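S.K.: Would you be able to build a 3D model of this:
(one chain, ligands or ions: 1)
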Amino acid sequence: MTTRTYTLGQVKAGPPCCEPEAHLRVRGLSVAYGGRPVLEDVSLDIYRGCITALIGPSGCGKTSFLCTLNRLHDLTPDANVHGEVAFDGQDILADSVNLLALRRRIGMIFQKPNPFPLSIRRNLELPLREHGVRGRQLLEEKIERALRDVNLWSEVGHRLDSSALALSGGQQQRLCIARALVLEPEILLMDEPCSALDPIASAAIEDLIARLQGRYTVVIVTHNLAQAKRLANYAAFFWMKEQVGQLIEFGQCRRLFESPAQALTAAYISGAKG
Ligand SMILES: Nc1ncnc2c1ncn2[C@@H]1O[C@H](COP(=O)(O)OP(=O)(O)OP(=O)(O)O)[C@@H](O)[C@H]1O
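M.R.: Model (predicted):
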């Protein structure tokens with residue numbers, strides 16, 4: 001029998017939250033690259049402690065949307081973003097925002113696991129040190145807790161000084177999630193975190209994401225509609241109209257899948273379109 005050593009709570013994903021409270025308020029958000037609009041006028045709330053899935057066909061702007069939520073688009077020189085993303089009342093798109101502090105509070109997990117080419121320990125120690133955490137004992141405690149949170153401690157706790165690159169793809173992705181969690185963020189952004197993994201590793205990551213619900217706010221891009229349905233409390237369906245991404249429908253995940261308000265949503269989730 002497998003022994004689970006998660007420090008996170010029980011699986012709670014699925015139903016909508018009873019009293020949703022906006023953690024991020026997105027209003028009139030548009031994204032263009034080199035003057036070409038790819039996403040137009042998106043407004044929605046991301047609810048605290050809930051999992052929100054972004055779904056829609058390839059190229060409709062899901063990743064572009066996700067990247068605006070912790071200013072990753074700043075790394076793309078020709079990206080142009082307009083609108084407002086309010087986080088605890090502050091517009092994170094403002095020039096004055098401290099990006100290091102913002103990204104500590106809003107972490108990002110990418111499609112392809114991207115551990116640093118360093119030891120497992122250094123992968124977690126580096127971000128902690130960058131954010132001013134000092135003291136061997138405190139560092140060790142935080143590292144162990146993060147690894148337990150992603151159910152990796154039993155697998156790597158005895159070999160923290162070995163290379164992170166020697167881990168399997170699924171273990172690397174769990175390490176990357178641990179690297180985000182070790183900074184105690186409030187929000188986790190995930191861009192297709194399971195799509196580069198085999199089914200077993202993918203199921204482990206999905207199980208882990210389900211356990212984050214309640215403790216963290218999660219926004220996940222996924223092409224796997226069954227996964228969105230299993231995991232998310234809320235879903236946002238994007239589509240391209242005249243080559244520009246638009247938000248077609250947003251709401252409670254079960255409602256969106258079981259009785260979509262828009263014909264386009266119904267066609268997409270039934271497989272008739274997209
Ligand atoms: N750095 C960039 N420079 C120019 N165009 C870009 C850039 N990044 C994305 N795009 C374009 O923006 C549009 C939206 O891309 P985006 O990756 O946000 O969509 P997506 O819905 O996440 O797609 P997928 O599901 O395939 O990842 C696409 O036409 C894409 O080619």
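S.K.: can we go C-alpha only for contacts and neighbour counts from here?
M.R.: Will do.
S.K.: Residue numbers of the stretch 1-150 of the chain in contact with the ligand?
M.R.: Tyr33, Val38, Pro57, Ser58, Gly59, Cys60, Gly61, Lys62, Thr63, Ser64, Thr76 (CA under 6 Å from any ligand atom).
S.K.: in the stretch 1-150 of the chain, which spans are strands?
M.R.: 22-33, 36-47, 51-55, 79-87, 90-91, 106-109 (DSSP state E, counting those that start in this stretch).
S.K.: Dump these into TSV; add mean neighbour count, distance to Ile220 and mean pLDDT as well.
M.R.: Below are those laid out as TSV (neighbours: other CA atoms under 10 Å; distance: least, CA to CA, whole Å; pLDDT from 0 to 100):
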stretch	mean neighbour count	distance to Ile220	mean pLDDT
strand 22-33	19	14	97
strand 36-47	19	11	97
strand 51-55	28	5	98
strand 79-87	19	17	97
strand 90-91	15	21	94
strand 106-109	23	9	97
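S.K.: coming back round to it: quick check, nearest of the residues of the stretch 1-150 of the chain next to the ligand to Leu175?
M.R.: Of all those, Leu175 sits closest to Thr63, with 21.6 Å by CA to CA.
S.K.: ok, and the closest non-adjacent residue to that closest one?
M.R.: Spatial nearest neighbour of Thr63, excluding adjacent residues (CA to CA, 6 or more residues apart in numbering): Asp191 at 6.7 Å.
S.K.: and the one you found, how many neighbours?
M.R.: Counted by other CA atoms under 10 Å, the residues lying close to Asp191 total 22.
S.K.: For it, give me its contacts.
M.R.: By CA atoms under 8 Å, 6 or more residues apart in numbering, the residues touching Asp191 are Thr63, Leu66, Met108, Ile109, Phe110, Gln111, Ile220, Val221, Thr222.
S.K.: Tell me the bridge partners for it.
M.R.: Beta-bridge pairing of Asp191 under DSSP bridges involves Val221.
S.K.: if we can go back for a sec, quick one: which two of the residues of the stretch 1-150 of the chain next to the ligand are the most distant?
M.R.: Spatially, the most separated pair among these is Pro57 and Thr76, at 22.3 Å (CA to CA).
S.K.: Which one's more surrounded, the two?
M.R.: Taking neighbours as other CA under 10 Å, Pro57 and Thr76 compare with Pro57 leading, 17 against 9.
S.K.: Distance of the residue nearest to the more buried one when sequence neighbours are not counted relative to Ile220?
M.R.: Excluding the flanking residues, the one nearest Pro57 by CA to CA, 6+ apart is Gly274, at 5.7 Å. Distance of Gly274 to Ile220, given as CA to CA, to the nearest Å: 19 Å.
S.K.: Compare those two (neighbour count), which wins?
M.R.: Remark: of Gly274 and Ile220, Ile220 carries more neighbours, 26 against 12, as counted by other CA under 10 Å.
S.K.: quick one, what contacts the more buried one?
M.R.: Neighbouring residues of Ile220 by CA under 8 Å, 6+ apart: Ile51, Thr52, Ala53, Leu54, Leu189, Met190, Asp191, Glu192, Pro193.
S.K.: Can you give me the pLDDT of it?
M.R.: On pLDDT, Ile220 comes in at 98.
S.K.: Columns distance to Gly251 on top of the strands of the stretch 1-150 of the chain, output as a markdown table?
M.R.: Shown next, in a markdown table, are the strands of the stretch 1-150 of the chain (distance: least, CA to CA, whole Å):
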| stretch | distance to Gly251 |
| --- | --- |
| strand 22-33 | 13 |
| strand 36-47 | 9 |
| strand 51-55 | 9 |
| strand 79-87 | 18 |
| strand 90-91 | 23 |
| strand 106-109 | 22 |
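S.K.: To Leu100, which of those lies closest?
M.R.: Of all these, strand 106-109 sits nearest to Leu100, with 9.9 Å by CA to CA.
S.K.: Thanks a lot, catch you later.
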